[in-house]
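Engineer: with the input below, show me the fold.
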Amino acid sequence: MHEEVKPYKAERIGKKEQVAKMFDNISPKYDLLNHLLSVGIDVQWRKKAIKLLKPINPNIILDVATGTADFAIQALTLNPESVIGVDISEGMLEIGRDKIRKKKLDHVISLEKGDSEKLRFEDNKFDAVIVAFGVRNFENLESGLRDMYRVLNYGGKAVILEFSKPVSFPFKQIYNFYFKTILPIIGNVISKDNAAYTYLPESVQAFPEGSQFLNILSNTGFKKTECIPLTFGICSIYSGTK
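Structural biologist: Got it, this is the predicted structure:
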């Protein structure tokens with residue numbers, strides 16, 4: 001089992017409740033910080049991840065841990081009939097709904113509050129399941145992945161975008177300094193929640209990346225698993241089929 005990291009170490013509530021609280025707290029500044037701290041590269045990461053679904057032409061897509069719906073909106077480049085986004089944080093969902101209304105996309109994207117590890121949907125419903133920077137926050141990673149597998153249709157594909165750790169010199173050293181020292185300072189100043197941007201590097205450090213994560217995907221049912229590192233290994237795209 002991988003190490004469990006929580007945002008608010010002094011609080012006795014579970015990780016799931018802490019993650020919901022954290023994202024509610026930072027939701028007003030989340031998009032700003034996300035693009036600022038990644039220098040906008042996160043937009044390109046989402047585009048590359050969604051392109052992996054083009055060969056299967058998914059009609060109904062589930063965006064797990066949708067947050068403010070950036071990944072759900074990017075998925076529209078595949079021309080699906082509908083995209084459903086699920087998230088545990090009502091604060092993030094409100095930002096996402098407002099974004100969708102302004103873009104006049106509410107006829108194709110719907111967002112709802114829900115537990116990403118206990119999805120309310122029936123088996124084999126979705127042609128594709130996507131997650132951007134969400135599985136790292138699951139209280140029980142394996143349970144969440146199994147439920148994603150359950151709601152995925154046969155022949156469907158899951159695409160998961162998640163942070164990883166660079167290994168080559170000197171990028172590893174530069175990245176570690178930025179991620180562990182600079183990022184928490186900027187995050188705290190803008191979001192006023194120090195725990196959130198201390199939790200980020202800690203959760204990335206603890207996450208079972210690369211071949212470890214591929215093994216977990218296989219153990220939860222996924223076939224044809226693959227890992228594609230991006231931007232010197234800062235981020236990775238994982239995929240698997242049912």
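
Engineer: for this protein, which helix is longest?
Structural biologist: In the chain, ranked by residue count with DSSP state H as the criterion, the top helix is helix 15-37.

Engineer: show residues contacting the following helix or strand past it.
Structural biologist: Taking DSSP states H and E as the definition, the helix or strand that follows helix 15-37 towards the C-terminus is helix 41-51. With contacts defined as Cβ atoms under 8 Å, 6 or more residues apart in numbering, helix 41-51 is touched by 34-35, 70-71, 74-75, 77-78, 130, 132, 159, 161, 228, 230-231, 234-235, 237. From N, CA and C alone the C-beta is placed, and that goes for glycine too.

Engineer: 10 Å instead?
Structural biologist: Applying Cβ atoms under 10 Å, 6 or more residues apart in numbering, the contact partners of helix 41-51 are 34-35, 38, 58, 61, 70-71, 73-78, 128, 130-133, 159-163, 228, 230-231, 234-239.

Engineer: now for residue 211, how many residues are close by?
Structural biologist: 10 (other Cβ atoms under 10 Å).

Engineer: model confidence for the nearest residue to it once chain neighbours are set aside, exactly?
Structural biologist: Of all residues beyond its chain neighbours, the one nearest residue 211 is residue 227 (7.4 Å), with distances taken as Cβ to Cβ, 6 or more residues apart in numbering. Looking at residue 227, its pLDDT is 98.

Engineer: could I get the contacting residues of residue 227?
Structural biologist: Here residue 227 is in contact with 160, 162, 164, 209-214, 217, 236-239 (criterion: Cβ under 10 Å, 6+ apart).

Engineer: so what's it bridging to?
Structural biologist: Residues found in beta-bridge contact with residue 227 (criterion: DSSP bridges) are residue 238.

Engineer: I'd say residue 163 and residue 209 touch.
Structural biologist: Yes: counting by Cβ atoms under 10 Å, residue 163 does reach residue 209; the two are 8.1 Å apart.

Engineer: tell me, what's touching the two both at once?
Structural biologist: Common neighbours of residue 163 and residue 209, using Cβ under 10 Å, 6+ apart, are 136, 233, 236.

Engineer: tell me where the model's unsure across this protein.
Structural biologist: For the chain, residues meeting the criterion pLDDT under 70 lie at 1-3, 37.

Engineer: which residues of it fall in strands?
Structural biologist: For the chain, strands defined by DSSP state E occupy the ranges 60-64, 82-87, 109-113, 126-132, 152-163, 223-230, 235-241.

Engineer: including distance to residue 52, could those go into TSV?
Structural biologist: Putting these into TSV (distance: least, Cβ to Cβ, whole Å) gives the following:
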stretch	distance to residue 52
strand 60-64	13
strand 82-87	16
strand 109-113	20
strand 126-132	9
strand 152-163	5
strand 223-230	8
strand 235-241	6
